[in-house]
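Student: 3D, please:
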Amino acid sequence: MMNKEEFVALYEKFLDGKCTAEEIDTLQSHHDEEIPFTGDDLLSDPSDTDRLYYILKEKIRNSIPDQQAFVLRGRFRLLKIAAVILVIIAAAISFMVLQKPATDTKAVQVVKNKGSKIIPGGNKAYLTTADGSVITLDGLKNGRISLQNGIEVNKINDGLIRYNKAAVVANNGDAVDYHTITIPRGGQYQLVLSDGTKVWMNSASTLKYPVSFAKNERIVRLTGEAYFEVAKDKAKPFKVSVDDLDVKVLGTHFNVMAYKDENAIRTTLLEGSVQLSTGNRQVMLKPGQQGMLSYGATSIDVRGVDAEEAVAWKEGYFVFDNEDIHTIMKRIARWYDVEVVFPQNFKRANFGGTVSRFKDVAQVLKSLELTGSVHFQIKERRIIVMP
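Tutor: Reported below is the predicted structural model:
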C-alpha cells in the first residue's frame with residue numbers, strides 16, 4: 001500500500017503528464033485505497049478534510065479512463081483532462097477553506113422510488129430496411145442481418161454493423177435501396193457503410209443512407225449528431241445533408257451536430273477539408289475550425305475551436321468548456337434519457353470540466369454542484385435543477 005507522500009507525488013506526476021504507462025496502472029490500482037489524509041495534513045476541520053478527500057478520490061477516479069469508456073486518443077487528451085481536474089481540485093480547496101460550514105455545497109438529492117435509478121446510455125439502435133422492416137439491433141445475435149442488391153449487412157459485435165459487397169449484381173439503373181439507422185435517447189451506435197466510411201452515431205440521432213452508393217456521388221441525410229471518417233474516393237464526393245446545410249468532402253474526419261433543440265448546426269473538422277453550403281453561400285473549413293449555421297440564418301460563421309472536445313462524446317466523455325447549464329443539461333438528458341426541469345427565471349450559469357459518460361448520473365451532477373451555484377434533485381426519471 002502506498003503512503004500519503006508516495007500517492008501525492010505520483011498523482012502530481014500524473015497531472016504533469018509525466019507518468020509512464022506502468023505508473024498510470026499503479027495509480028489506477030491504488031486510487032481506491034484509504035490513503036491516510038488527516039485533519040492536521042490539510043485543514044483544521046476533520047469534516048472538511050473528509051469532504052476534500054472524497055472530492056480528490058472522485059476526481060482521480062474520473063481522470064483515469066474507465067474500462068467501459070472508449071480509449072482516449074493520445075497524450076494530448078490525457079493532459080487536458082488532468083489540467084481540468086487540477087483546476088477543480090484547487091477550486092474545491094479554496095471553497096472549503098473560505099466558506100463557513102453553513103454554506104457547504106449540498107449533495108444531489110435522490111428521491112427514492114422503484115425504478116428510479118438512472119443508468120448511463122449504451123449501444124441501442126433500430127435499423128429500418130428498404131421494405132420498411134424495423135430491426136432492433138441491441139440484443140440481436142452477431143451475424144448477417146440482411147442481403148440486398150449484393151450488399152451484405154452484418155452485425156459485427158455489440159454496437160457495430162458493417163455493409164460489405166457480397167456479390168456482383170446487375171445494374172438496375174437509378175434504383176437505390178435506402179436504410180435508416182435510428183438511435184434513441186440513451187443510445188449510441190457505429191456503422192461502416194458500403195464504401196468503407198465509418199460513422200459514430202450519438203443519442204437521439206438518425207442517418208438515412210443508400211445500401212450501395214451509385215453513380216458519381218455519395219449522399220447521406222442526418223438528424224442529430226454523428227462523427228464521420230470518410231473513405232477517400234475522388235470520383236465520388238461524400239455529402240452529408242442536414243436541413244438547409246450540405247457538408248461535402250472527398251475523404252476526411254469531421255463531426256456534425258444538428259439537433260432540433262439546439263440553436264445551430266455545427267460542423268467541426270478534425271482532418272482534411274470540407275465545404276459547407278447553404279443556399280448560394282459556401283465556405284471551406286480547415287482542421288481545428290467549426291462552421292456554425294444558426295437556424296433561420298443565411299450565412300455560415302467560422303471559428304477556431306478545440307476539435308477534440310467536439311468528439312469527446314465518441315470517446316466516452318462529457319467535456320464542458322464554459323458552457324451554459326441549459327446546454328449541458330440537454331446533453332445529459334439525451335444520454336441518460338431523462339427529463340430536465342428548470343424553475344422559472346432560473347439564473348443562467350456556465351461550467352467547465354470533464355467527466356465520464358459511463359458514470360451514474362448522480363456522479364455527473366455532483367461534479368457540477370462543486371461550484372456551489374447549482375443543485376439537483378433526482379425524482380424517478382426527472383432531474384430538477386435548483387439554485
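Student: Can you tell me what sits against stretch 128-139?
Tutor: 122-127, 145-146, 148, 155, 158, 161, 177-182, 187, 189, 211 (CB atoms under 8 Å, 6 or more residues apart in numbering). For glycine as for every other residue, the C-beta is placed from the backbone atoms N, C-alpha and C.
Student: Which other helices and strands does the longest strand along the chain contact?
Tutor: In the chain, with assignment by DSSP state E, the single longest strand is strand 218-229. With contacts taken as 3 or more CB pairs under 8 Å, 6 or more residues apart in numbering; DSSP states H and E, strand 218-229 sits against strand 198-201, strand 205-210, strand 238-242, strand 253-258.
Student: mind listing what's buried in the third one?
Tutor: Read it as strand 238-242. 238, 239, 240, 242 (16 or more other CB atoms under 10 Å).
Student: ok, so of the residues you listed, who is nearest residue 327?
Tutor: residue 242 (19.0 Å; CB to CB).
Student: quick one: pLDDT of the nearest residue to the closest one once chain neighbours are set aside?
Tutor: Among residues not flanking residue 242 along the chain, residue 258 sits closest, at 4.4 Å (CB to CB, 6 or more residues apart in numbering). For residue 258, the pLDDT comes out at 96.
Student: can you pull the contacts of residue 258?
Tutor: 222, 223, 224, 225, 242, 243, 245, 265, 266.
Student: Report the central residue of this protein.
Tutor: residue 313 (1.4 Å; CA atoms, centre = their mean).
Student: how close does it sit to residue 319?
Tutor: 8 Å (CB to CB, to the nearest Å).
Student: In three-state terms, label the residue nearest to the centre of the chain for me.
Tutor: Of the three states, residue 313 takes coil under DSSP: H, G, I helix; E, B strand; the rest coil.
Student: from the middle of its chain, how far away would stretch 251-268 be?
Tutor: Its chain's C-alpha centre and that of stretch 251-268 lie 13 Å apart, by CA atoms, centre = their mean, to the nearest Å.
Student: Show me which positions of that stretch end up buried.
Tutor: 251-259, 264-268.
Student: Surely residue 211 is in contact with residue 180?
Tutor: No. Residue 211 is beyond contact range of residue 180, at 11.0 Å (criterion: CB atoms under 8 Å).
Student: which of those two has more neighbours?
Tutor: Per other CB atoms under 10 Å, whichever of residue 211 and residue 180 has more neighbours is residue 211, with 22 against 15.
Student: returning to what we had before: give me the pLDDT for the residue nearest to the centre of the chain.
Tutor: 97.
Student: my guess is it meets residue 224, correct?
Tutor: No. If you go by CB under 8 Å, residue 313 and residue 224 don't touch, sitting 11.4 Å apart.
Student: so what's in contact with the two at the same time?
Tutor: With CB under 8 Å, 6+ apart as the test, residue 313 and residue 224 both reach residue 202.
Student: returning to what we had before: show me which of the contacts of stretch 128-139 are buried.
Tutor: The buried subset of the contacts of stretch 128-139 - by 16+ other CB under 10 Å - is 123-127, 145-146, 148, 155, 161, 179, 181-182, 187, 189, 211.
Student: Which single one of those residues is nearest to residue 376?
Tutor: residue 187 (23.2 Å).
Student: and this protein, what are its domains?
Tutor: 4-103, 109-118+316-386, 122-310 (automatic domain parsing).
Student: Can you mark which positions in stretch 286-303 are buried?
Tutor: 289, 290, 291, 292, 293, 300.
Student: just stretch 352-364 next, same as before
Tutor: Using 16+ other CB under 10 Å as the test for burial, stretch 352-364 gives 353, 354, 355, 356, 357, 358, 359, 361, 362, 364.
Student: the helices in this structure, which residues?
Tutor: For the chain, applying DSSP state H gives helices covering 4-15, 21-30, 46-63, 74-98, 307-310, 325-336, 361-369.
Student: And the strands in the stretch 51-200 of the chain, which stretches?
Tutor: 109-111, 122-123, 126-128, 134-136, 143-148, 151-157, 160-165, 178-183, 187-192, 198-201 (DSSP state E, counting those that start in this stretch).
Student: mind showing which ranges of the chain have poor pLDDT?
Tutor: Scanning the chain with the threshold set as pLDDT under 70 gives 1-8, 11-18, 21, 24-25, 27-107, 110-116, 167-175.
Student: Great, nothing more from me.
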